[in-house]
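*Asks:* can't give you the sequence, but here's the structure:
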């Protein structure tokens, strides 16, 4: 008989039309329903990838998402994506996949030289070797290692639409796994009227029953009998448990659905369920023997799946190396396909071995496999019994080291693990309030056992949720009698025996870890990278534990397993981002006049979430900015300040509340007046500033900076609900309710007078810091005489819906005075000249005293931040204090972030420039700076050093108030 | 008029919005005063529609009153010592959502369980969708969403984007009486 895998029947595939696909550029054929793995196998392809570290040739090891080796790059409409398991990738006409981690080609990989260097490439090699020179690490070693190591390439192409979405789902019970246990549980839960979400990672429900023809009738009847309240999600893997009944599941859309949804490929489900039934089955384990990674060495259950499901015999002269009766199911299947089987079983005797012999298999009892011949395909297997070994010819080696319940999700849900000796594996139990584990996931192997256990789990949940169970479940044929397994971990022969095939971790690496003191399983994991690959050690995790236990001379149970974390399988970042990409990455807050600003030619700038007009010009440079600012200084301008946070404060204790949260007083603020206020954090640092107006005896309007509006509202609401619970005060966010425009400049009064009714504006009647309700452009609005620009200014507020009407009216009224709209840049120029602060100075690291507000802190009464503001560190005279700076040579510019140094000691920073601008009022540039002991340095000359620009500019230290220090203009 | 096959019809509806915020210990007095004027203030998490007005509560001892544009401002008198009255007419945008796929589209952004058994008509909740605050009211024909005006365009675009595959489209608004008809008792 010739060698190699071949299709021997249809398996469960129903359609025979061939599909064409490409792997590494070569065209192959498969059938509808094939995975890339089964299709390649049916074409005789065994070499599918190269390993991570040694670049050893690798083939298929599993038939599911636990696959460690057969990862491919997928060339799709979005570009090239790495690390797709060939074992779960459904083929379709035109699919293009590439092998990864090989150079120049899969067959000839020059980096396989690493394999010859293996004695030197021990665990921790890179960190031990590339230690010096230190500077070479970032520039030389790391890039080179990354290029050589890497696990596939990500080359995005078309990012025009999101390839993934997130969906929230709710259920009474989440059932994970649709094998015998999960299917029965879902059916019973549904019959009891509960809302059930049944997750199946495979393309169809059925789990293990799909591989046993004796159970197909039963399976179909269960599937048909599911009540409408059971929602089945196939191609959907549970990938995380987060407590409080929140779970994540990852769905890969089928070809048709994907096409129908415009190329959407993945869906992240966020599931909230009252109970979990974990019926995730068990995972077959690998065994450590030399060259246990050769293409053709496969888990016995995978060989069974390829044969029964896809009709592909993974070998025509296979050797089986198994330690349990369960694994003989694969032997039976190959015998039934008329394939000769040699079984190597470490047990002296077993019922399964007897049955296999009767069907014609040769069983070597009490024997071990101790080696594999062949590099790119299995050519032979070394069998050893009683201390004597010999080679037998073979084209495949099917391995089973037993089965471990798939309980990673239970671990994440917070359960501890318990060792169960008869199955040589850890099992878990969920808190009843969380749910139940059922079937093979609980260590109960066999279809009948699983079906019965699924019903038991469902009944327990039904009772807890107060539902009424339906008719009793269908009876099932009993499982056959089985002999116990024997532990089979490491056959202990010299040679490269892998415990983690994806990260190329060998038994020797694990032993080295133990010798070097990394004895804890979590330390071993980090030292060797065992289980740290994308497959998270599904098939070899416990094997590594066992090797570590042997090295330490303790029981496996004592060593434990590494703790799994979300996500349980690798998930593209695109799936986590979902639809929140591109335009929808984060919300944009738009001004009520957004469209007007846009039509007026504004360049927008994102400040936080807000889009604000920066300057009414699309050209770069200071020209347009300074023209806008000059108009304000000389005649009049108007700017949109609607982004300021606005909080409506009402209640008979409103004044007391404001006196608590503000460092200065508000109880004595007369109705109809506004006052500038500063707010400290609890640690005494300055938090926010803004004007607060008293609209009535028990009614204030607080404004906050744009940047801090949400934080201030949260802070105030927190204080109200905790510290100030006894106060009768209500806070309401009215930021979006009011549009607000600052009209500023010597002609501001004339403009405002033309727009506002019922309000005398003469300086005596409506002085600086007056506030009033009035009719603005025909609508009920508010007028505040406050100024950020340093000019005579009014802020007019109207309900946001009336914004355009009011703004147009202001422009119309200002036409005769040459009014211009000005943007954020001009506003910044004006406030820097005036010495007003913004986020650059109010940066979370400054105190009230630093910015010159010490006198505002009230002496009497408590307020938030009062005590900690008095800490020695916050009152030191050496602190950075707000000053003004101007270049001595008026032709030179200033730069934000430039360090201020003394000419005599240029290596010591005394502070830095926070804000700077060309001035419209003065010659040259002006700036604000935070300078150590700054107020005492007025008149000194320092250097503003900006090494990245190669600049050192002599500057004079001045008052921050570059113009009108007496505030005459704002009071005009 | 929207195509009958649209899975989601999305319509911004103008509305007059007034928030009634009861002062400390004055919620009962406010409710009594409102009742006397024919306005029932529902319990927390519920909404109530009567005489062309929708009242809903998603914050403790606070009610949002949704009236058709141009409705008489007769509620102003409810305030005085019992409640702070704050206009939200410009602050919030009201969107009505209906169509066969409305729940599917909302599930792409809402964490709430919208199963009719758990969130039947008349229920209201405050939550987050597409990273912005929303107040959601279940109406017999669909859902009402109230969302801050500054991010309303973002939310509308997000809903149309998320609902694209289901045939989401902007449409003209349904009259409140149609949308809420079955809520009034």
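*Replies:* In hand now; what should we look at? Given the structure is predicted, the values throughout are model-derived calculations rather than measurements.
*Asks:* what residues are up against the spatially most central residue of chain A?
*Replies:* Nearest to the geometric centre of chain A sits residue A:576, at 6.0 Å (Cα atoms, centre = their mean). Listed by Cβ atoms under 8 Å, 6 or more residues apart in numbering or on different chains, the contact set of residue A:576 reads A:164, A:268. From N, CA and C alone the C-beta is placed, and that goes for glycine too.
*Asks:* ranges for the strands of the stretch 651-800 of chain A?
*Replies:* Here the stretch 651-800 of chain A has its strands, by DSSP state E, counting those that start in this stretch, at A:674-680, A:686-696, A:699-704, A:730-733, A:738-744, A:756-757, A:771-776, A:779-784, A:793-799.
*Asks:* Mind listing what's buried along the longest one?
*Replies:* Okay, so that is strand A:686-696. A:686, A:687, A:688, A:689, A:690, A:691, A:692, A:693, A:694, A:695 (16 or more other Cβ atoms under 10 Å in any protein chain shown).
*Asks:* ok so, going back, any chance of the strands of the stretch 651-800 of chain A in a markdown table, with mean pLDDT and distance to residue A:59 too?
*Replies:* Below are the strands of the stretch 651-800 of chain A laid out as a markdown table (pLDDT from 0 to 100; distance: least, Cβ to Cβ, whole Å):
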| stretch | mean pLDDT | distance to residue A:59 |
| --- | --- | --- |
| strand A:674-680 | 97 | 66 |
| strand A:686-696 | 97 | 62 |
| strand A:699-704 | 98 | 63 |
| strand A:730-733 | 98 | 62 |
| strand A:738-744 | 98 | 67 |
| strand A:756-757 | 95 | 82 |
| strand A:771-776 | 97 | 77 |
| strand A:779-784 | 96 | 76 |
| strand A:793-799 | 98 | 70 |
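*Asks:* Of these, which is nearest residue A:198?
*Replies:* strand A:730-733 (43.3 Å; Cβ to Cβ).
*Asks:* The closest one pairs with which strands?
*Replies:* Taking DSSP bridges as the criterion, strand A:730-733 forms sheet pairs with strand A:645-650 (antiparallel).
*Asks:* Just want the angle from the partner strand to strand A:699-704.
*Replies:* Using axes from the mean of the first three to the mean of the last three Cα atoms, to 10 degrees, the direction of strand A:645-650 lies 160 degrees away from that of strand A:699-704.
*Asks:* now strand A:645-650, how far from the centre of its chain.
*Replies:* 35 Å (Cα atoms, centre = their mean, to the nearest Å).
*Asks:* can you list contacts of that strand?
*Replies:* Under Cβ under 8 Å, 6+ apart, the answer for strand A:645-650 is A:657-658, A:690, A:698-706, A:708-710, A:712-713, A:716, A:729-735, A:737-738, A:740, B:21, B:84, B:86.
*Asks:* let's see it at 6 Å
*Replies:* With contact meaning Cβ atoms under 6 Å, 6 or more residues apart in numbering or on different chains, strand A:645-650 is reached by A:699-700, A:702-704, A:709, A:713, A:730-732, A:734-735, A:738, B:84, B:86.
*Asks:* and if you look at stretch B:69-82?
*Replies:* Contact with stretch B:69-82 is made by B:14, B:16, B:18, B:26, B:29, B:30, B:33, B:34, B:85, as judged by Cβ under 6 Å, 6+ apart.
*Asks:* which ones are touching the first one?
*Replies:* Residues near residue B:14 by Cβ under 6 Å, 6+ apart: residue B:69.
*Asks:* distance of it from residue A:554?
*Replies:* Look at residue B:14 and residue A:554: by Cβ to Cβ, to the nearest Å, they are 74 Å apart.
*Asks:* who are the neighbours in contact with the residue in the stretch 51-200 of chain A that chain B sits nearest to?
*Replies:* Taking Cβ to the nearest Cβ, chain B has its nearest neighbour within the stretch 51-200 of chain A at residue A:170, 3.9 Å off. Neighbouring residues of residue A:170 by Cβ under 6 Å, 6+ apart: A:272, B:113.
*Asks:* So it lies in a strand, does it not?
*Replies:* Yes: Residue A:170 forms part of a strand when assessed by DSSP: H, G, I helix; E, B strand; the rest coil.
*Asks:* Please report the distance of it from residue B:137.
*Replies:* 19 Å.
*Asks:* What residues does the stretch 201-350 of chain A have near chain B?
*Replies:* Contacts of the stretch 201-350 of chain A with chain B, taken as Cβ under 6 Å from any Cβ of the partner chain, map to residue A:261.
*Asks:* where do the helices sit along the stretch 201-350 of chain A?
*Replies:* A:216-225, A:255-260, A:300-310, A:328-336 (DSSP state H, counting those that start in this stretch).
*Asks:* cool, and chain B?
*Replies:* For chain B, the helices defined by DSSP state H cover B:27-36, B:102-106, B:152-162, B:176-180.
*Asks:* Could I get the buried residue list for the last one?
*Replies:* Spelled out, that is helix B:176-180. B:176, B:179, B:180.
*Asks:* what residues does chain B put near chain A?
*Replies:* B:21, B:23-24, B:84, B:86, B:90-91, B:107-108, B:111, B:113, B:131-132, B:148-151, B:153-154, B:158, B:162, B:165.
*Asks:* Thanks again, I'm all set now.
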